[in-house]
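In: no letters, just coordinates:
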Ligand SMILES: [Zn+2]
């Protein structure tokens, strides 16, 4: 076996897993309450942006070859119905329009209510619990407002049953046949989301999300979730989180042919970033991290490292 590993040129030539800049998706937080960008304390190097600094951030990302962003909004107003989420003047709607008008980017936008409700839950509360069907009505309104702003891909993350179908139908009947849906098909209830909840100010005020996110102790449930989403019209399917779930990524790849995104979440970023910054792991770890997803079968990788990886901070063989 060693003959094929003896030289760097041979190793590079035989590496069959490729990583490309345009396979990366950078999450971007836009915050209506800010006047300038603000670093998220729990996620070093990741910021919330006001509209002006957001434009500069897009200049920077696109100059480095990033082709995909995934938008999250933090509104100035929260209430029990999450009404700021579907305003045509909302922060995400504005950010979508700016990105589409001025940059050559695939603009993806997260669709959920947890940033917009005063409860921090992903849906409307009825009788003390998240009510699936009344929540879907709001998701429809959000989807149409995003489509009107010009979004390329809508990414509903709330894990309400039927959300993909309802959004697809609303888009089609309003003439937005070309707007794509990236379904958070396989989304486990995970502690690895914790840093994100500070980033997006979306922590549930009480309780957790285990009644609608998946139980990681079940190994086959993902098949039903993906079949449902594909039948409802998903264009891209997703597995989230990434690192602890690469077995699932591989299994999805073998069973389904839809484009597959993996969301390497905030907790993964924090673990690796902190270990590198404090010298416990070398920067080379990032390369190994990056390849693991594409070797497992991802087509797209949503990662908070997308900016860092393409900004010349690391000398990655992948991007040389
Ligand atoms: Zn949510």
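Out: That came in fine, so what should we check first? Computed from a prediction, not measured in an experiment: that's the story for all the values here.
In: quick check: residues of this structure near the ion?
Out: 112, 114, 122, 158 (Cβ under 5 Å from the ion). No exception for glycine: its C-beta is placed from N, CA and C like everyone else's.
In: thought the last one was touching residue 117?
Out: What that stands for is residue 158. No - using Cβ atoms under 8 Å, residue 158 is not in contact with residue 117; the gap is 10.6 Å.
In: quick check: neighbours shared by these two?
Out: Counting by Cβ atoms under 8 Å, 6 or more residues apart in numbering, the contacts common to residue 158 and residue 117 are residue 123.
In: max pairwise distance over the residues of the chain next to the ion: which two?
Out: Maximum pairwise distance in those, criterion Cβ to Cβ, is 7.4 Å, between 114 and 158.
In: overlap in contacts, the two.
Out: What both residue 114 and residue 158 touch, as defined by Cβ under 8 Å, 6+ apart, is the set residue 122.
In: now, the residues of the chain next to the ion that are in strands?
Out: Applying DSSP state E to the residues of the chain next to the ion, no entry is found in strands.
In: tell me the buried residues within these.
Out: 112, 114, 122, 158 (16 or more other Cβ atoms under 10 Å).
In: which residue, other than its chain neighbours, is closest to the last one?
Out: What that stands for is residue 158. By the measure of Cβ to Cβ, 6 or more residues apart in numbering, the closest residue to residue 158 outside its immediate chain neighbours is residue 122, 3.8 Å from it.
In: contact partners for the one you found?
Out: 112, 113, 114, 130, 135, 157, 158, 159, 160, 209, 212.
In: redo these as TSV? Include distance to residue 87 and pLDDT.
Out: Output for the contacts of residue 122, formatted as TSV (distance: Cβ to Cβ, whole Å; pLDDT from 0 to 100):
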residue	distance to residue 87	pLDDT
112	15	96
113	13	95
114	17	92
130	22	90
135	18	97
157	19	93
158	18	90
159	23	87
160	21	92
209	25	79
212	25	76
